[in-house]
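Undergrad: Okay, predicted coordinates and the sequence, questions at the end:
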Amino acid sequence: MIIDILLAEFIAVCVFSDIKYRKVYNAITFPVIALGLGLNFINFGLLGLKESALGVLAGFALLILFYLAGGIGAGDVKFMMAVGSLKGYDLAINGGIYGAVIGGAAAVVIMLFQGRLLNVVKDIAKRLVLFFTFRYRESLIFDSEKTTSLPYTVFLSAGIVLRVIEIQLF
């Protein structure tokens, strides 16, 4: 129960900081990762520690490529690592996937209302053709001044909440 309360508080703090300051702070994520590992070890022994460590790795693995491509910030990766440390790899993976779908849908809706959706789709298609045809890595680098930035932790959190509800119902 303490882990569930900690997860809810952690999500609330990170969503607030991402909306207000556009950052998810290391001073929040790193202690929660350590707490998740420690609490799971204390409560469930080596099996709990293993599940928690796999959750950290799953949160990292799920988002690291998106971070390296410039699509999300490092705070989002560490946020999912902390979620994984608290609740294990299932919530990190499935909650993260749900959040990515929600975030992608929100981005499409925003670009649609901005009248940029068709141009963005064309630009992405052109970049992918250049990359796969000529292996131009530079074609995958997007200009941050031309992109719309979203507080992605909000969407990841929504996915986590949906997954928790799904687990409770089934």
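TA: Thanks, I have the structure now. Numbering: from 1, shown residues only.

Undergrad: the residue most distant from the middle of this protein, which is it?
TA: Distance from the C-alpha centroid of the chain peaks at F134, with 30.8 Å (C-alpha atoms, centre = their mean).

Undergrad: Let me know the next secondary structure element after the worst-scoring helix or strand of the chain on mean pLDDT.
TA: Each helix and strand of the chain was given a mean pLDDT (mean pLDDT, DSSP states H and E); the minimum falls on helix 117-134 at a mean of 83. Downstream of helix 117-134, the first helix or strand assigned by DSSP states H and E is helix 152-169.

Undergrad: Distance from that following helix to the middle of the chain?
TA: 11 Å (C-alpha atoms, centre = their mean, to the nearest Å).

Undergrad: Output the contacting helices and strands for it.
TA: Counting contacts by 3 or more C-beta pairs under 8 Å, 6 or more residues apart in numbering; DSSP states H and E, helix 152-169 packs against helix 2-21, helix 74-87, helix 96-114. Every C-beta, even on glycine, is put in place using the N, C-alpha and C of the backbone.

Undergrad: quick revisit: quick check: angle from the least confident helix or strand of the chain to helix 96-114?
TA: Put simply, helix 117-134 runs at 120 degrees to helix 96-114, going by axes from the mean of the first three to the mean of the last three C-alpha atoms, to 10 degrees.

Undergrad: and the helices and strands packed on helix 152-169, which is most packed in?
TA: helix 74-87 (a mean of 26; mean count of other C-beta atoms under 10 Å).
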